[in-house]
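[1] need coordinates for the below:
(chains A and B)
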Amino acid sequence: MSKQICTHCQEYSEVSRRTFLSRSFQSAAGLLLGNGLAALPAWMPRITLADPHVGPAGDTLVCIFLRGGADGLNMIVPHGDEQYYAHRPYLGIPRPDDNKAKNGRTLDLDGFFGLHPSLADLHPIYSAGDMAFVHATGSPDETRSHFEAMDLMERGAAENGDYTGWLSRHLATLNTGNNSALRAVGLGDMLPASLTGAVSATALQSIAEYHLAGQEERVGEMTALLNALYSQRDDLLTGAAAQTFASIDVLSRIDTERYQPSGRAYAENEFGQAMRVVAQLIKADVGVEVACVDLGGWDTHVAQGSVEGAQPSLMAELSAGLAAFYEDLPAQIGNVTVVVMSEFGRRVQENGGLGTDHGHGNMMMVMGGGINGRQVFAQWPGLHDEQLAGPGDLAITTDYRDVLGDIIAKRLNNPKLADIFPGYVVNEVGVAVARSH
Amino acid sequence: MSLSRRDFLKLGGLTAVAAGTAGCSAIGRELAQGELPAELSLPAPDTTGNDPILRLLNRAGYGPRPGDLARARQMGAAAWLEEQLNPEGIKDTAADLLARNLTLYQMDATQLIEQDRKDATLELVGSTIFRALYSHRQLYEAMVEFWSDHFNIYLRKNRMMPLAKILDDRDVIRPHALGKFRDLLGASAKSQAMLLYLDNARNTKEHPNENHARELMELHTLGVDAGYTQADVQEAARILTGWTIRRNGRQAGQTVFQAEAHDFGEKMVLGQTFTGKGEAELDDLLEMLATHPATAQRIAFKLARRFVADEPPEGLVQRVAQTFTETDGDIKGMLRVIFLSEAFAGAPPKLKRPYTYLISALRALNTDLSLSRNRAIGRWLERLGQLPFHWPPPDGYPDVAPAWATNLLPRWNFALALLHNELPGATPPLEKIVAAGKAQTTSNTLQLFAGLVYGRALTPAEEALFTNYTGSGPLDDPETQLRLKDSVALMLASPAFQWT
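    Next up is the predicted model:
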């Protein structure tokens, strides 16, 4: 193939697989607070919430963030809304009963919504009652800026001010008696902003490689020396180093070599391998309460693909990873809740580059053994022009905090929703089933 | 997940660079190790805990090589800075030789787009690392990195990107890195790499795409809180319609304004009317954005954050912003204000970003990087989290400590790999250093390396810890040698080498 610049053909479909991480230069991501640090610099977030709730840990929460603004309209397709097809003559996913569609069509969920064919792996989980979707959801952010939107969503606040993440505040307001260094993990080389300020959180790329290199007979002494050097100071890295040593200690007890997933093999891509690590941590029972995984590349301004293409291949990666994870944890899934979210949805009207611009409302996915599955939770706002928000976007009828708050209260045993989402009164959407204890 | 399984760009060779620079690592060796001072003296203790020359070399560049500190101390901070602000006056044989030996960098756009993108990635990333490591124009290279973040380009966005980024590096970032912001902005806005990365190549009257317009305002100039609206973004996008890349013909690969794809209607951005005059509208828009007070504020803040503190003092930011306004965005002028400020003289610790950490470790030990053989550096940079030009979103690699603090383990393991010769093509010349320092004992040896790594003698507490680890055996004892290597690695891994 000639190497001329081709801005509309396949060359554009090579969408980022590397995580589209949120790092506004103003956002303070992945901050660790060492226990008992006395003098913190002024810019460091501090979580000072009185009287955490004392109680047992609930589900392990796996939080998957689709970076870049995933086009939820083409994932959980409103095939019952003819306006969807009017806005998307090329990108629209054919109706479930469209016999002329040769390459694939929507898999019906409830007569109105359906799954993109590249999400087919999720259909059996949905049918088994362990998966639900929420639509026309999102955050009230109006900037349509990736960085602002991710920042606000991950901090769980509607406005600037509190630089801690919603997951950090969840962990800080729930005393489960769990002192594990791996109480919260972020897969990758950075922690997501939702874990900013978490007392105990580890960025983890691989279990097997998470140890100090060097010759085995001297590693113990080296660790002691390094530990002493970091302990001599009192700064941001002091706690980070302590956390690292503690995580090394825990992870050294997990045998990754002989790990065999219970279901299908995990794909050899970054997301599949990240889900494999999360599953291993859950099975190893090392105290993980929260795990964050990113999947990037969703900023599909051009050549998004309809049934096939850039976004569908990302969807396939997502659904294969979720399905492998689900199959891997048959005994544990009753104590696991997975939530999939993105910073915003995309413009309803496809653009001239056969892509979509930054939008507003979006879908969320919830998977686990303790949810009201086999349902799409949506107060559908409609897609007529006058029903759209801003420059032509899906309106939001369910705040994303109503979904997360529902899960936190019912599955994570944490009633402190007002501390986790300050200034917001959660109206639980009903996707989660209250745990028996 | 195992790193070897990750879908890496196979920096598995910085080899393309080497292809064009077969002689370069030899040259580098000659220039660099040749520069190892014949004699290295043991360092003095740092009595104040505040060494402004060391801070200058660490932040306005990639850290001192052996001998650099002594030279800079002799010159004084102001003279060193002035020299660095005029890079064309600095003799820089290694960088010049590299530049002459790069192949893709010599090509025009039309030739370049016919080349292999993998070669382009290797040449781009490899030459960037090479320059950071060897060039004497350290501040210039640091500013190239700064603007490469500000005008971020992600190489894996599509197949053209590595080729287009070579043009962007050569024709946009490097010519203007110490010039005027307006020129840099203008070049970037019309850069092939930017037009492709932010999808403007497909932004037409019929089908507007607002990606470039949004990031131009949000990231390149005004900042998200400057008070513009979604409507402003859409109007700016209309101004940008028609700016694309020529697809074929004799000028293929060049930026072109296609009048037939341009929206000639009237636009209004931030209250200013733009009449439909075509090509010149973009210059008018850029002029307005470049001279907007919010832009001066934003650039000043980012520079102060980069070089002074994660949360820079407001007074300094205002002075830099004022300099921006008074000098028409003169980058040198702003840097002068920053580095000569009291805020810099008393700046709090700043965490090295991973790329700076890696390069400064190589520099501290006068380590040569044989680009032709080194397959490990790119993988380490990925593990550390900062392989140049591989940050997907348009905001550039983060510049605050919390973003990087949770990934310490790869830093530690990189240091151990470096000292134990597990980085093929990057072997620190330890014996030469020991010889130049005439170190006879483990204690002398530890202090000698502390001078190179920390720029000061070990504190008594550090000395006690390291001496306890190495023991006091003879220097020719294999176990002692291993423990000395561990010790130097742990100096690089220690917090004192993470902060500047």
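[2] can you pull the buried residues of stretch B:111-118?
    Within stretch B:111-118, the residues that count as buried by 16 or more other C-beta atoms under 10 Å in any protein chain shown are B:L112, B:I113, B:Q115, B:R117, B:K118. Quick note: C-beta positions are derived from backbone N, CA and C, even for glycine.
[3] what do you get for stretch A:220-230?
    Buried residues in stretch A:220-230, counted by 16+ other C-beta under 10 Å: A:M222, A:T223, A:L225, A:L226, A:A228, A:L229, A:Y230.
[4] tell me the one among these nearest to B:N58.
    A:L229 (18.5 Å; C-beta to C-beta).
[5] other SSEs contacting the one helix or strand the closest one maps to?
    Counting by DSSP states H and E, the element that carries A:L229 is helix A:216-231. On a contact count with 3 or more C-beta pairs under 8 Å, 6 or more residues apart in numbering or on different chains; DSSP states H and E, helix A:216-231 meets helix A:236-251, helix B:460-470, helix B:478-493, helix B:495-498.
[6] take those and write them to a markdown table, including distance to B:D328 and mean pLDDT.
    What follows is these, written out as a markdown table (distance: least, C-beta to C-beta, whole Å; pLDDT from 0 to 100):
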| stretch | distance to B:D328 | mean pLDDT |
| --- | --- | --- |
| helix A:236-251 | 38 | 90 |
| helix B:460-470 | 48 | 97 |
| helix B:478-493 | 42 | 97 |
| helix B:495-498 | 37 | 98 |
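[7] dump those into a markdown table; add mean neighbour count and distance to B:D183 as well.
    Below are the helices and strands packed on helix A:216-231 laid out as a markdown table (neighbours: other C-beta atoms under 10 Å in any protein chain shown; distance: least, C-beta to C-beta, whole Å):
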| stretch | mean neighbour count | distance to B:D183 |
| --- | --- | --- |
| helix A:236-251 | 22 | 37 |
| helix B:460-470 | 17 | 47 |
| helix B:478-493 | 21 | 39 |
| helix B:495-498 | 23 | 35 |
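[8] OK, contacts around the residue nearest to A:L167 when sequence neighbours are not counted?
    With C-beta to C-beta, 6 or more residues apart in numbering or on different chains as the criterion, A:L167 has its nearest non-adjacent residue at 4.3 Å, and that residue is A:S194. Neighbour list for A:S194: A:C63, A:F65, A:E154, A:R155, A:G156, A:G165, A:W166, A:L167, A:S168, A:C292 [criterion: C-beta atoms under 8 Å, 6 or more residues apart in numbering or on different chains].
[9] about what we covered before: of the helices and strands packed on helix A:216-231, which is nearest B:T325?
    Of all the helices and strands packed on helix A:216-231, it is helix A:236-251 that lies closest to B:T325, at 34.1 Å by C-beta to C-beta.
[10] whichever helix or strand comes after the closest one packs against which elements?
    Scanning forward in sequence from helix A:236-251 by DSSP H and E, the next helix or strand is helix A:270-284. With contacts defined as 3+ C-beta pairs under 8 Å, 6+ apart, helix A:270-284 has these neighbours: strand A:184-187, strand A:290-296, helix A:310-328.
[11] what pLDDT, on average, does helix A:270-284 get?
    Averaged across helix A:270-284, pLDDT comes to 95.
[12] kindly report the same for stretch A:364-374.
    98.
[13] what does stretch A:308-317 give?
    Taken as a whole, stretch A:308-317 has an average pLDDT of 97.
[14] next: stretch B:136-146.
    Over the span of stretch B:136-146, the pLDDT mean works out to 98.
[15] over to stretch B:331-338?
    Taken as a whole, stretch B:331-338 has a mean pLDDT of 98.
[16] tell me the pLDDT of B:D399.
    We have a pLDDT of 95 for B:D399.
[17] of all the residues in the stretch 251-400 of chain B, which one is nearest chain A?
    At 3.7 Å from chain A, B:G385 is the closest residue in the stretch 251-400 of chain B, using C-beta to the nearest C-beta.
[18] and the stretch 401-500 of chain B, which residues reach chain A?
    B:401-410, B:412-413, B:416-417, B:420, B:461-462, B:465-466, B:468-469, B:482-483, B:486-487, B:489-490, B:493-496, B:498-499 (C-beta under 8 Å from any C-beta of the partner chain).
[19] ignore the last one, the stretch 201-350 of chain B
    Applying C-beta under 8 Å from any C-beta, we find that the stretch 201-350 of chain B lies next to chain A at B:201-202, B:204, B:206-211, B:214, B:218, B:224, B:230, B:233-234, B:244-248, B:252-253, B:302, B:305, B:310-311, B:348-349.
[20] can you turn the buried part of these into a ChimeraX selection?
    Listed next is the ChimeraX selection for buried residues among those, using 16+ other C-beta under 10 Å:
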select /B:201,202,204,207,208,209,210,211,214,218,224,230,233,234,244,245,246,247,252,253,302,305,310,311,349
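[21] do you know which of the helices and strands packed on helix A:216-231 lies nearest B:Y355?
    Of all those, it is helix B:495-498 that lies closest to B:Y355, at 13.1 Å by C-beta to C-beta.
[22] so B:L104 is in contact with B:K165, correct?
    No: counting by C-beta atoms under 8 Å, B:L104 stays clear of B:K165, with 10.5 Å between them.
[23] which one's more surrounded, those two?
    Set side by side, B:L104 and B:K165 show more neighbours around B:K165, with 30 against 23, by other C-beta atoms under 10 Å in any protein chain shown.
[24] can you narrow the buried residues of stretch B:111-118 to ones near chain A?
    B:I113, B:Q115.
[25] so what's A:D81 up against?
    Applying C-beta under 8 Å, 6+ apart to A:D81 gives the contacts A:F112, A:W380, A:G382, A:L383.
[26] of the buried residues of stretch B:111-118, closest to B:R336?
    For these, the residue nearest B:R336 by C-beta to C-beta is B:L112; the value is 35.7 Å.
[27] now the spatially closest residue to that closest one that is not a sequence neighbour: how far from B:D108?
    Sequence neighbours aside, B:L163 is the residue nearest to B:L112 in space, at 5.1 Å (criterion: C-beta to C-beta, 6+ apart). Applying C-beta to C-beta, to the nearest Å, the value for B:L163 to B:D108 is 12 Å.
[28] which neighbours do these two share?
    Residues touching both B:L163 and B:D108 by C-beta under 8 Å, 6+ apart: B:G253.
[29] what residues does the stretch 301-437 of chain A have near chain B?
    For the stretch 301-437 of chain A, the residues in contact with chain B (C-beta under 8 Å from any C-beta) are A:H301, A:V302, A:N351, A:G352, A:G353, A:G355, A:D357, A:H358, A:G390, A:P391.
[30] picking that back up, identify the residues contacting the residue of the stretch 251-400 of chain B closest to chain A.
    Shown in contact with B:G385 (C-beta under 8 Å, 6+ apart): A:D189, A:M190, B:P354, B:W404, B:N407, B:P410.
[31] out of the residues you listed, which two are the most distant from each other?
    Greatest spacing in these, by C-beta to C-beta: A:M190 and B:P410 (11.6 Å).
[32] kindly check the end-to-end length of stretch A:389-397 for me.
    11 Å (C-alpha to C-alpha, to the nearest Å).
[33] picking up where we left off before, between the buried residues of stretch B:111-118, which is nearest chain A?
    Chain A has its nearest neighbour among those in B:I113, at 5.8 Å by C-beta to the nearest C-beta.
[34] verify the stated contact: that closest one with B:M161.
    No: if you go by C-beta under 8 Å, B:I113 and B:M161 don't touch, sitting 11.3 Å apart.
[35] anything in contact with each of these two?
    What both B:I113 and B:M161 touch, as defined by C-beta under 8 Å, 6+ apart, is an empty set.
[36] tally up the residues packed near residue 361, please.
    You didn't say which chain, so I picked chain A. 26.
[37] wrong chain, I was asking about chain B
    Using other C-beta under 10 Å, B:A361 has 27 neighbouring residues.
[38] in a helix, A:M364, correct?
    No: assignment of A:M364 by DSSP: H, G, I helix; E, B strand; the rest coil gives strand, placing it outside any helix.
[39] where does the residue in chain A that chain B sits nearest to land in three-state SS?
    Proximity of chain A to chain B (C-beta to the nearest C-beta) peaks at A:G352, 1.4 Å away. On the three-state scheme (three-state DSSP), A:G352 is labelled coil.
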